[in-house]
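1. Give the three-dimensional model of this entry:
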Amino acid sequence: MAKKSKGRSSKKSPAKKSTGHPGRTRPTSWLGNLELSGVANPLKRMAPQWHAWFARTQGPGSAGESGDALASATILLAALARSTGNLSVTAYTADALGKTLGQMGQVVEEVDLPVAIEVAALYTDFLHETGNWSGSDQEYAAVLALLDRLQGQDAPIGRTPKVLSAKDDLAALEDIAAIKHAHALLGWVGQGVQATGTGAIRLRDISPAAALLGVQARVLVAGEEKDYGHLATWSEPDIHEVRSMREVPVLGQMWQSMLDTGILEARSTKVVPGPACETFSGGTAQAQLEIYRLFLATLLTSWLKDLSGRLLVGNFLATALTGVLADALAGRPRATGTIAAASLIGGVLMRELRFLETLGLIVIDAHLWVPSELVRPHAQALAADSEARLAAADSV
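-> Numbering: from 1, shown residues only. Predicted coordinates for the structure are as follows:
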């Protein structure tokens, strides 16, 4: 990632390809609350200086990696703030940094610890070379000595380094169901399909559109009653009986998220490919990766918003589920059995989490996890949800 800096004596410099996130998690408390932690906003203010420094020190062709490198540094600093209570992004001690790296190595499954160390080295170089380091010279020297020592060590036994490039991340995201569903819907839309005045799928088209996503749906005729028997077991019905596309959760949320991200565009009584369609369907790996991430974050945000809007228990469910996801992002995945056994709401919690699993957005085995390539979309969705809740509270 970083070339050897003038102020450092390490024998190993971070490789450019190592700008990915330093670990594989599933949602994070320190990731999910980045906007509230006091870490993300100071880093945003330094972002222009960071990008200029990165381009100067990493050479031609590095611009596409700058954002990923800063995102990785954000994760590391959020972990540092959470484990030590130090919210400063311009100074840290060798003891605090070593403690945080050690904790990340313990709590995050399949963590690429060498990459996390490289991220720390790159960010420390940036602070010192741009005059942003606010700690003492002695503290800086101690941090350099720690990083030099750590970079001279092998990865812990049993941990296999895993560095993902933009192309690797893109390939991983292309393999998940939500992205495949979006491409299927784009193919169905073609040059455009008739829609309602609000951009929703027409009643006559709900069944074939749902079938593209592997879901059966039947539109109820006037006066016909809906069967709610499946709710007794907190399961999804074999056939969704609906009066609108939004009553097929996967279809309604996928479609709306594609509209919200510009992959589709509503025009009067027709929906056509939107301005982001071309990038979503192809283009450079980095550009396509970013629109994939934006779409997935929007889809997760839509899911949380839908939960919050449900009568009586909506906000309670959304709060409980964001807590589950935040713990997974923090490297403290909850046991599936514990979630299912939650008093009164365990069944509905698992039903909603199984919904995310069918979209490929989480992994459920003995515990609930978020794959590393999905950390950023989850973090963005949880941050957006937190901001929405704060805004709602302020408006009361």
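2. Now the phi/psi pair for residue 363, please.
-> With angles defined as degrees, to the nearest 10, residue 363 sits at phi -120, psi 130.
3. Can you name the residues bridging to it?
-> Listed beta-bridge partners, residue 363: residue 369 (assigned using DSSP bridges).
4. Was I right to think it contacts residue 374?
-> No - judged on C-beta atoms under 8 Å, residue 363 makes no contact with residue 374 at a distance of 9.4 Å. Placement of C-beta: from N, CA and C, glycine included.
5. Tell me which of the two has more neighbours.
-> More crowded of residue 363 and residue 374, by other C-beta atoms under 10 Å: residue 374, with 28 against 16.
6. Surely the more buried one and residue 361 touch.
-> Yes - using C-beta under 8 Å, residue 374 is in contact with residue 361, at 6.2 Å.
7. any common contacting residues for the two?
-> Common contact partners of residue 374 and residue 361 (C-beta atoms under 8 Å, 6 or more residues apart in numbering): 176, 296.
8. In the chain, where's the longest helix?
-> Scanning the chain for the longest helix, with DSSP state H as the assignment, gives helix 285-308.
9. Against residue 78, how distant is residue 71?
-> The gap separating residue 71 from residue 78 is 11 Å, by C-beta to C-beta, to the nearest Å.
10. Just want to know which of these two has more residues nearby.
-> Neighbour totals were compared for residue 71 and residue 78, and residue 78 leads with 27 against 17 (other C-beta under 10 Å).
11. Name the SS class of the more buried one, please.
-> Put simply, residue 78 is helix when judged by DSSP: H, G, I helix; E, B strand; the rest coil.
12. I'd assumed residue 43 was in contact with it.
-> No - shown here, residue 78 and residue 43 do not form a contact pair, counting by C-beta under 8 Å, at 9.4 Å.
13. Output the lowest mean pLDDT helix or strand found in this protein.
-> helix 29-32 (a mean of 40; mean pLDDT, DSSP states H and E).
14. C-alpha coordinates for stretch 214-223, CSV please?
-> The C-alpha coordinates for stretch 214-223 follow below in CSV (Å, rounded to 0.1, in the frame of the first residue of the first chain):
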residue,chain,number,x,y,z
GLY,A,214,-37.2,-17.0,-7.1
VAL,A,215,-40.4,-16.0,-5.4
GLN,A,216,-44.0,-17.0,-6.1
ALA,A,217,-46.6,-14.3,-6.0
ARG,A,218,-50.3,-14.1,-6.7
VAL,A,219,-52.4,-11.0,-7.0
LEU,A,220,-55.6,-11.1,-4.9
VAL,A,221,-58.8,-10.4,-6.7
ALA,A,222,-61.3,-7.9,-5.4
GLY,A,223,-62.9,-9.0,-2.1
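15. Can you tell me what sits against that stretch?
-> Identification of contacts with stretch 214-223 by C-beta under 8 Å, 6+ apart yields 203-204, 206-207, 210-211, 226, 238-243, 248, 250-251.
16. Could you list the buried residues of that stretch?
-> When neighbours are counted by 16 or more other C-beta atoms under 10 Å, the buried residues of stretch 214-223 are found to be 215, 217, 219.
17. same check, this time on stretch 89-101
-> Within stretch 89-101, the residues scored as buried using 16+ other C-beta under 10 Å are 89, 91-94, 96-98, 100-101.
18. Output the contacting helices and strands for the longest helix of the chain.
-> Helices and strands touching helix 285-308, by 3 or more C-beta pairs under 8 Å, 6 or more residues apart in numbering; DSSP states H and E, are helix 166-174, helix 177-189, helix 249-260, helix 277-281, helix 314-329, helix 346-358, helix 375-395.
19. can you rerun that using 6 Å?
-> helix 166-174, helix 249-260, helix 277-281, helix 314-329, helix 375-395 (3 or more C-beta pairs under 6 Å, 6 or more residues apart in numbering; DSSP states H and E).
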